[in-house]
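give me a 3D structure for the following:
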Amino acid sequence: MATKLTLKELSKREDRLAPGHRLCAGCGESIIVRQILTAIDEPVVIANATGCLEVATTIYPYTAWRVPWIHSAFENAASTISGAESAYQAMVKRGRIEDENVKFLAFGGDGGTYDIGLQALSGALERGHQFMYVCLDNGAYMNTGIQRSSATPYGAHTTTSPAGKVIPGKQQFRKDLTAIVAAHNIPYVAQASPHRWKDLMQKTRKGVAANGPAFINVLSSCNRGWRHPTEQAIEISRLATETCYWPLFEVQDSEWKLNYKPKEKLPVEEWIKRQGRFRHLFRPEFRHVIDELQAEVDRRWERLLRLCGEA
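Residues are numbered from 1 along each chain as shown. Down below sits the predicted model:
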C-alpha cells in the first residue's frame, strides 16, 4: 500500500466512476466516491444500496461504474457485500480462483445506513467480514423526496419534519452512528469530509488495509435538500467541520484519534445560516433552537476531545 498521496500521481489514474452519470450538479456523493476509489490501488467489488448514488449511476441500459458493482435493496448492502466477500474467500481457499487481494466496499446513504440498514450493518460488522462500508451522509432520504432520517440535524426542515408556526423542524438530535459503529470494536472506524480530500483518501487506505471490517462516515452535501447553491458543496462541508458539527476523527483498534482541531471553533450558526433548510430558525420565536443545537454540538465535541485524550 502506498504511503503518500500526491495529486500528480492520482491524476494519472482512470476514474472508476465514469463521468456522465446523472447525479445532481454540486452533489457531494460523486466527489466522495471518486476520492475513495482513486485512493485504492487494488481491485474492488462494490455493493450499492438503493439511493441517489445507485439510481443516478445505473439508469438502464447505462452504467457509470468501471468496476464490478452489485445493486442491493435499501436495507441490505452490508449483507450483500459480506456474502460476496465470503464467496470470494471460499473460492480462493478451494483453489478455484487466484487471490488478487480484492477489496470489498459497500456504499449506502444515511437512510439505508443509520436507519433501515443498521441491522444488516451491525450483523456484518459483528461477524468480522473483510470489507469497508462507506456511509454517504446527506442528512435525509433525499432520493425519495427529502424525508427526515435519524441523521437529519436538529431543527432542519424536511418534507416529514416541516417547519411550521409551532414546530421548528426536526425535533430530535442526529444519531451518533460513528460512535455506535465504534462500539462494535472493529479494526477501523472514521469520520471524514470531502473538503479534506487527503484525510479522506488516507482513511480509505487504512480502512481497506484493516484486518477485518472498516467503516467510514462521510458528510455528503445535498444542495437540493440543504438548499444552498450548487457551487458551495465543499465550502458547506468545510464549515460543518470548522463549527465542530462534523468533526474529523478515527478509531483504530479501539484507540480514538482526533484528525483535525479548528484553530478557532466557529459557532454552528455559521454553518446553518448558509442552508435554506434552517432558514426558519432565524425567526425570533425559534432562535432558541439554534442555542439548543449549539449546546449539543458543544457537548459532543467535548466528549470527543476526552475520548481522543485532547481535553
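
wait, residue 294 sits on residue 269?
Yes: contact criterion Cβ atoms under 8 Å: residue 294 and residue 269 qualify, at 7.4 Å. C-beta: built from backbone N, CA, C; applies to glycine.

so residue 304 sits against residue 250, correct?
No: counting by Cβ under 8 Å, residue 304 does not reach residue 250; the two are 11.5 Å apart.

overlap of the contact sets of those two?
residue 256 (Cβ atoms under 8 Å, 6 or more residues apart in numbering).

more neighbours: those two, which one.
The residue with more neighbours, out of residue 304 and residue 250, is residue 250; 23 against 20, by other Cβ atoms under 10 Å.

what are the bridge partners for that one, then?
When assigned by DSSP bridges, residue 250 has beta-bridge partners residue 190, residue 257.

give the full set of residues in contact with it.
Counted by Cβ under 8 Å, 6+ apart, residue 250 has contacts 188-191, 203, 206, 256-257, 259.

who's in contact with the residue nearest to residue 37 when sequence neighbours are not counted?
The shortest distance from residue 37 to any non-neighbouring residue, by Cβ to Cβ, 6 or more residues apart in numbering, is to residue 16 (4.0 Å). By Cβ under 8 Å, 6+ apart, the contact list for residue 16 reads 34, 37-38, 44, 65-67.

mind listing which of these are in helices?
By the criterion of DSSP state H, membership of those in helices covers 34, 37-38.

so which of these wins on neighbours?
residue 37 (22 neighbours).

distance of that one from residue 117?
21 Å (Cβ to Cβ, to the nearest Å).

what of residue 22?
23 Å.

who has more neighbours out of those two?
residue 117 (28 against 13).

now the more buried one. Nearest residue, chain neighbours left out?
residue 75 (4.7 Å).

ok, residue 259 next?
residue 248 is the one closest to residue 259 (Cβ to Cβ, 6+ apart), at 4.3 Å.

what about that neighbour, neighbour count?
The burial count for residue 248: 22, using other Cβ under 10 Å.

isn't there a strand covering residue 218?
Yes: applying DSSP: H, G, I helix; E, B strand; the rest coil, one finds residue 218 inside a strand.

now residue 217: how far from residue 7?
Taking Cβ to Cβ, one finds residue 217 at 25 Å from residue 7.

follow-up on the earlier one: now, which of the ones in helices among the contacts of residue 16 sits nearest residue 100?
residue 37 (16.5 Å; Cβ to Cβ).

who's in contact with the closest one?
15-17, 44, 67.

how about the strands in this protein?
Secondary structure of the chain (DSSP state E): strands located at 44-49, 69-72, 103-109, 132-137, 188-192, 214-219, 249-252, 255-258.

which among those strands is found nearest to residue 86?
strand 103-109 (9.7 Å).

what does that closest one rub up against?
33, 36, 40, 42-49, 51-53, 72, 77-78, 80-81, 84-85, 88, 117, 129-138, 141-143, 208, 220.

scan the contacts of residue 37 and report the most crowded one.
Ranking the contacts of residue 37 using other Cβ under 10 Å puts residue 17 first, with 22 neighbours.

got the contact list for it?
So residue 17 contacts 30, 33-34, 37, 57, 64-66 (Cβ under 8 Å, 6+ apart).

out of these, which end up buried?
30, 33-34, 37, 57, 64-65 (16 or more other Cβ atoms under 10 Å).

contacting residues around the closest residue to residue 227 other than its chain neighbours?
Of all residues not flanking residue 227 in the chain, residue 276 sits nearest, at 2.5 Å (Cβ to Cβ, 6+ apart). Taking Cβ under 8 Å, 6+ apart, we find residue 276 in contact with 157, 226-228.

how near is residue 276 to residue 67?
36 Å.

could you do residue 235 as well?
From residue 235 to residue 67 the distance is 30 Å (Cβ to Cβ).
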